[in-house]
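[1] Can you look at this prediction? I've put the sequence above it.
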Amino acid sequence: MFEFVIGRDKLLEKIEDLVERKRYAELRGLLLPLEAVDISDIFADLREHEIPLVFRLLPKEQAAEVFVELDSEQQEMLISTAEEAGLYNNELQDAANDEYMQKMKDAGVEITELTDEQLDMWKEAAQSFYQKGKAFGWSDNLYETVQKAMGK
């Protein structure tokens with residue numbers, strides 16, 4: 001385990017202060033040298049709404065290591081929070097799309113909406129694009145992975 005130079009309680013205070021002041025880059029720098037077990041230990045004393053925010057600041061590999069160290073309740077909270085955030089973001093995006101579509105219509109832009117048949121034809125014509133993924137630096141089976149994640 002990491003020897004807390006400034007003491008665990010002071011570190012916890014510092015983390016909470018940086019979260020409150022939205023000093024995320026500084027907070028990330030504070031977390032980077034810590035071991036996963038130490039961060040998970042600190043999570044036990046953070047306020048529940050702070051945990052997802054602090055977790056998101058961690059680099060991917062460190063976040064994965066921290067996740068493994070969390071208890072199942074904390075893991076579930078992070079998963080459900082991420083799902084809720086995704087759904088909320090989708091709602092915001094839908095509302096923004098509707099708002100800007102209306103603004104364009106109000107400005108006189110003619111909007112052509114495709115029928116289901118036209119949309120299917122367009123999707124079929126676009127399939128060859130997805131076969132060229134390597135040319136764009138995509139990882140193998142990216143399209144299939146995204147489709148699966150979208151429940152399609």
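    Thanks, I have the structure now.
[2] show me the contacts for the residue of the chain most remote from its centre.
    Relative to the centre of the chain, and counting by Cα atoms, centre = their mean, the farthest-placed residue is residue 108 at 36.4 Å. Applying Cβ atoms under 8 Å, 6 or more residues apart in numbering, we find residue 108 in contact with no residue. Every residue, glycine included, has its C-beta placed from N, CA and C.
[3] Please spell out which residues along the longest helix along the chain are buried.
    Of all segments of type helix in the chain, defined using DSSP state H, the longest is helix 72-106. Residues of helix 72-106 classed as buried by neighbour count (16 or more other Cβ atoms under 10 Å): 74, 77-78, 81.
[4] can I see the domain layout of the chain?
    Using automatic domain parsing, the domains assigned to the chain come out as 8-70, 112-152.
[5] Packed most tightly, which of those domains would that be?
    Compared across those, domain 8-70 shows the largest average neighbour count, a mean of 15 (mean count of other Cβ atoms under 10 Å).
[6] State the distance from the spatially closest residue to residue 85 that is not a sequence neighbour to residue 134.
    Setting aside the residues directly before and after it, residue 85 is nearest to residue 52 in space (Cβ to Cβ, 6 or more residues apart in numbering), at 7.8 Å. Separation of residue 52 from residue 134 (Cβ to Cβ, to the nearest Å): 35 Å.
[7] what do you get for residue 152?
    Counting by Cβ to Cβ, the gap from residue 152 to residue 134 is 22 Å.
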